[in-house]
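Undergrad: Structure of the sequence below:
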Amino acid sequence: MIIPVNNSDLLIVQEIINDGASAYKGVIPADRWHEPYMSLDELQAQVNDGVKFWCYVEGGKMIAVMGIQDKGDVNLIRHAYVRTAARKNGIGGKLLQHLSTLVSTPILIGTWADADWAISFYKKHGFRLVSHDEKELLLRKYWNIPLRQIDTSVVLASANWVGP
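TA: A predicted model of the protein is given here:
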């Protein structure tokens, strides 16, 4: 079952994000990794900035989360994570499909350039990598991330994306 996340569930969301993000340890640049990967304060700041989280619940337990953020002319998929024990079961795809049905604007997704599995996942679901120059522009326009993270990230766009 896919349902919206309540603010009272943010500790569980944080737990899922940090568990899922463990896949990045040793893959993304060491200067971008920190523990916890996302603090509760950082998560609350994301919610305060308009990220709306949805979760996948199975057997009464939240096992995956994915956020969506309305930026006017686009929506961003933010913080998409599945518990390590529940990966490879199609749950991330179900969440992505559900969130895609909620919006009519193009969807952009930023992820780490070295996270091959994440890039493959999004490509499998119809997203395409944008060019390096377009990535630079989009990350500066729609995300609030450090320059080093821009250098080490990619952006994928939904099929209805026509460019800036």
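Undergrad: For residue 79, give me its contacts.
TA: Shown in contact with residue 79 (CB atoms under 8 Å, 6 or more residues apart in numbering): 17, 38, 46, 51, 53, 65-67. The C-beta positions use only the backbone N, C-alpha and C, and glycine is treated the same way.
Undergrad: from these, which ones fall inside helices?
TA: Taking DSSP state H as the definition of helices, the contacts of residue 79 contribute 17, 46.
Undergrad: Can you tell me which of the contacts of residue 79 is nearest residue 151?
TA: residue 38 (20.3 Å; CB to CB).
Undergrad: ranges for the helices of this protein?
TA: 10-21, 40-48, 91-101, 116-124, 132-142, 147-151.
Undergrad: Residue 80 is nearest to which of those?
TA: Here helix 91-101 is closest among the helices of the chain (CB to CB), at 6.2 Å.
Undergrad: Remind me what the closest one packs against, helices and strands.
TA: strand 2-4, strand 51-58, strand 61-70, strand 75-82, helix 116-124 (3 or more CB pairs under 8 Å, 6 or more residues apart in numbering; DSSP states H and E).
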